[in-house]
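**Q** sequence unknown, structure follows:
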């Protein structure tokens, strides 16, 4: 069964450092998403991406965050200057549906970010 | 913005007991999805409900979508230890020209053998 692949599985970084989380969505999917989950809390929407641009972003997704699809397969989330409160599990997801249809999300296993 | 709440936040049941989680949206939804997240895992899609009043079953799981398309429920009959995890509803609503998927607050189910 097709999978969404995320790397790294765990990253530990110092506060103020930049991190890049990588995702390989399912190949025929058109929509890409980043969600985050602080330990024990709900899954929070960060951003959705379609046709090489951001289609929607939440208030969490401020200027410290950026997303990019640098090639035909990777989808990255960059946090420019990490803060302690950025510590969370970051999930990438993809879906094959167009916006007029219902988007069923396939999630990756997540990248756990720990900011010290 | 769209908010999706779930109750209860936590539920402990004896194996064999039933379990229900309720989901409420602040806005009318296009459809609703349910996901299950096992401890230490990632959300996995269970089902999607589209029509007002729709009821769907998956073995011991029964999903309902409210008539007003603002609420939903998941009922598990005769829970098993394999049902342990957090159940999230996800409301799909229109946002500009796109459909936005907003996860509920989740209900964490613990099944005591």
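**A** Perfect, thanks for sending it. Keep in mind that this is a model prediction, so the values were computed, not measured.
**Q** for chain A, what spans make up the strands?
**A** Here chain A has its strands, by DSSP state E, at A:5-7, A:10-13, A:19-24, A:31-37, A:44-50, A:53-57, A:65-68, A:75-79, A:88-95, A:106-107, A:111-115.
**Q** what sits up against the first one?
**A** Outside of strand A:5-7, the residues within contact range by C-beta atoms under 8 Å, 6 or more residues apart in numbering or on different chains are A:21, A:22, A:23, A:24, A:90, A:91, A:92, A:108, A:109, A:110, A:111. Where you see a C-beta, it was placed from the backbone N, CA and C, and this is true even at glycine.
**Q** got a winner among those for most neighbours?
**A** Taking other C-beta atoms under 10 Å in any protein chain shown as the neighbour criterion, residue A:92 ranks highest of the contacts of strand A:5-7 with 29 neighbours.
**Q** wait, isn't it in contact with residue A:107?
**A** Yes - here residue A:92 reaches residue A:107: they are 7.3 Å apart, a contact under C-beta atoms under 8 Å.
**Q** Dump the strands of chain A to JSON lines, plus distance to residue B:43.
**A** What follows is the strands of chain A, written out as JSON lines (distance: least, C-beta to C-beta, whole Å):
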{"stretch": "strand A:5-7", "distance to residue B:43": "13"}
{"stretch": "strand A:10-13", "distance to residue B:43": "19"}
{"stretch": "strand A:19-24", "distance to residue B:43": "15"}
{"stretch": "strand A:31-37", "distance to residue B:43": "8"}
{"stretch": "strand A:44-50", "distance to residue B:43": "12"}
{"stretch": "strand A:53-57", "distance to residue B:43": "18"}
{"stretch": "strand A:65-68", "distance to residue B:43": "19"}
{"stretch": "strand A:75-79", "distance to residue B:43": "17"}
{"stretch": "strand A:88-95", "distance to residue B:43": "7"}
{"stretch": "strand A:106-107", "distance to residue B:43": "5"}
{"stretch": "strand A:111-115", "distance to residue B:43": "15"}
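**Q** picking up where we left off before, mind listing the shared neighbours of residue A:92 and residue A:107?
**A** Counting by C-beta under 8 Å, 6+ apart, the shared contacts of residue A:92 and residue A:107 are A:4, A:35.
**Q** The strands of chain A: which one's closest to residue B:38?
**A** Closest to residue B:38 of the strands of chain A, according to C-beta to C-beta: strand A:106-107, at 12.0 Å.
**Q** what about the closest one, average pLDDT?
**A** Average pLDDT, strand A:106-107: 94.
**Q** quick one: it to chain centroid distance?
**A** Between the centre of strand A:106-107 and the centre of its host chain there is 11 Å, according to C-alpha atoms, centre = their mean, to the nearest Å.
**Q** Paired strands for it, with orientation please.
**A** If you go by DSSP bridges, strand A:106-107 pairs up with strand A:88-95 (antiparallel).
**Q** The partner strand to strand A:31-37, inter-axis angle?
**A** Strand A:88-95 runs at 160 degrees relative to strand A:31-37, counting by axes from the mean of the first three to the mean of the last three C-alpha atoms, to 10 degrees.
**Q** what angle do strand A:88-95 and strand A:75-79 make?
**A** 150 degrees.
**Q** could you point out which element follows the least confident helix or strand in chain B by mean pLDDT?
**A** Ranked by mean pLDDT, DSSP states H and E, the weakest helix or strand in chain B is strand B:98-103, scoring a mean of 79. Downstream of strand B:98-103, the first helix or strand assigned by DSSP states H and E is strand B:107-112.
**Q** partner strands of that following strand, parallel or antiparallel?
**A** Strand B:107-112 sits in its sheet next to strand B:10-14 (parallel), strand B:85-95 (antiparallel), going by DSSP bridges.
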